[in-house]
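Undergrad: Take a look and give me a structure for this.
(one chain, ligands or ions: 2)
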Amino acid sequence: TRRILLDCDPGHDDAIAILLAAGDPGVEIAAITTVSGNQSIEKVTRNALAIAELAGLDPTVPIARGAHRPLLHEVEYAPEYHGESGLDGPQLPEPTRALDSRHGVQLIIDTIMGSEPGEITLVPTGALTNVALAVRLEQRIVERVREVIFMGGGVHVGNHGPFSEFNIAIDPEAAQIVIGAGWPITMVGLDATHQAVVTPEIRAKLDAVGTRSSAFVGGLLDFYGAAYAGHGFAHPPVHDPVTVAMVIDPTLVRAVKAPLAVELTGTLTKGMTVADLREPAPESTPTSVALGVENERFWDLVVAALSRLP
Ligand SMILES: Nc1ccc([C@@H]2N[C@H](CO)[C@@H](O)[C@H]2O)cc1
Ligand SMILES: [Ca+2]
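TA: Ligands and ions are numbered 1, 2, ... in the order given. Down below sits the predicted model:
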């Protein structure tokens with residue numbers, strides 16, 4: 001079993017990532033931390049507690065609130081896609097569990113330093129603010145983490161302007177710290193996640209699961225799909241769970257090693273993730289970028305996970 005720490009900003013697709021991790025037997029959620037992004041830190045944290053409730057997540061799994069804003073960038077939310085609550089659409093269950101009293105950054109450090117070397121895989125699906133702060137507060141997490149697989153960025157695709165992706169664009173400095181830390185890190189960017197679309201056939205499989213969680217996911221997809229349809233997408237791409245799927249079954253995602261960095265000073269391109277794919281990168285390259293996902297098999301994992309949840 002792979003033990004993962006989810007750092008997230010639920011967010012419709014973050015919620016599906018949490019449910020996939022909670023339902024799949026191949027991964028165990030060691031901790032959940034939240035970060036400002038899709039909505040305010042208060043809203044995404046309340047949403048994380050609600051999703052944990054929905055999933056019937058073991059109450060001993062700590063959930064802690066993280067950074068209320070990016071390092072330098074002003075807060076920027078995504079209400080067009082996630083609504084005012086951050087999880088618009090279905091009715092949220094009332095959380096019964098309390099937040100861990102630690103800051104999310106501290107919980108990231110304690111979870112990693114309290115586990116064996118190579119035990120924890122870090123799975124950020126929001127801005128990289130918390131992870132950057134954790135690296136600066138306790139640099140030993142870099143050599144202790146098994147790997148980092150984050151949703152963000154893109155090689156040839158953008159969604160926050162033509163050249164950058166939301167998670168990176170709202171905190172590019174944090175992204176540069178995390179990408180450049182030296183640990184094995186895979187960027188699951190829009191090149192891959194724009195392939196992770198919910199077609200009507202896939203939606204029918206999700207609806208056929210018939211659990212409370214799958215019905216909740218249907219409600220999420222109704223809102224999220226309408227938002228994307230309003231921006232010309234026939235089917236909504238569900239970004240964040242592709243990271244968890246890659247932990248479960250790496251063959252689902254095509255990734256290549258490549259030097260990777262973040263533009264921090266561009267007038268038009270600030271927040272752009274720049275991968276150098278011109279030549280094969282040395283085996284020792286710590287950074288990889290995902291370029292594709294096997295969509296049908298990816299959603300089969302999600303359907304199977306949802307059928308194991310309440
Ligand atoms: N248009 C839009 C869609 C999703 C997101 C969030 N940011 C990432 C995709 O850019 C995902 O983590 C998702 O939660 C932001 C904006
Ligand atoms: Ca997210």
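
Undergrad: Show the end-to-end separation of stretch 75-86, please.
TA: Stretch 75-86 stretches 14 Å from its first residue to its last (C-alpha to C-alpha, to the nearest Å).

Undergrad: List the buried residues in that stretch.
TA: For stretch 75-86, burial by neighbour count (16 or more other C-beta atoms under 10 Å) applies to 76-78, 81-83, 85-86. Using the backbone N, CA and C atoms, a C-beta is placed for each residue, glycine as well.

Undergrad: mind listing which of these are in helices?
TA: 81-82 (DSSP state H).

Undergrad: my guess is Trp299 contacts Ala204, does it?
TA: No: Trp299 is beyond contact range of Ala204, at 10.9 Å (criterion: C-beta atoms under 8 Å).

Undergrad: Which one's more surrounded, the two?
TA: Trp299 (23 against 9; other C-beta atoms under 10 Å).

Undergrad: Name the SS class of the closest residue to the more buried one other than its chain neighbours, please.
TA: Once flanking residues are discounted, Trp299 sits nearest to Ile202: 4.7 Å by C-beta to C-beta, 6 or more residues apart in numbering. Following DSSP: H, G, I helix; E, B strand; the rest coil, the label given to Ile202 is helix.

Undergrad: Tell me how many other residues surround Ile202.
TA: Using other C-beta under 10 Å: Ile202 sits among 21 other residues.

Undergrad: residue contacts, it?
TA: 295-296, 299 (C-beta atoms under 8 Å, 6 or more residues apart in numbering).

Undergrad: for the residues you listed, which one is nearest Gly104?
TA: Gly104 lies nearest to Trp299 out of the contacts of Ile202, by C-beta to C-beta, at 29.6 Å.

Undergrad: So the closest one belongs to a helix, correct?
TA: Yes: assessed with three-state DSSP, Trp299 lies in a helix.

Undergrad: still on that earlier bit, can you add distance to ligand 2 and give the contacts of Ile202 back as JSON lines?
TA: Converted to JSON lines, these look like this (distance: C-beta to the ion, whole Å):
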{"residue": "Asn295", "distance to ligand 2": "19"}
{"residue": "Glu296", "distance to ligand 2": "23"}
{"residue": "Trp299", "distance to ligand 2": "18"}
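
Undergrad: just these now: which is nearest Ile32?
TA: Using C-beta to C-beta, Trp299 is the member of the contacts of Ile202 that lies nearest Ile32, at 22.8 Å.

Undergrad: For that closest one, give its distance to Tyr228.
TA: Counting by C-beta to C-beta, to the nearest Å, the gap from Trp299 to Tyr228 is 16 Å.
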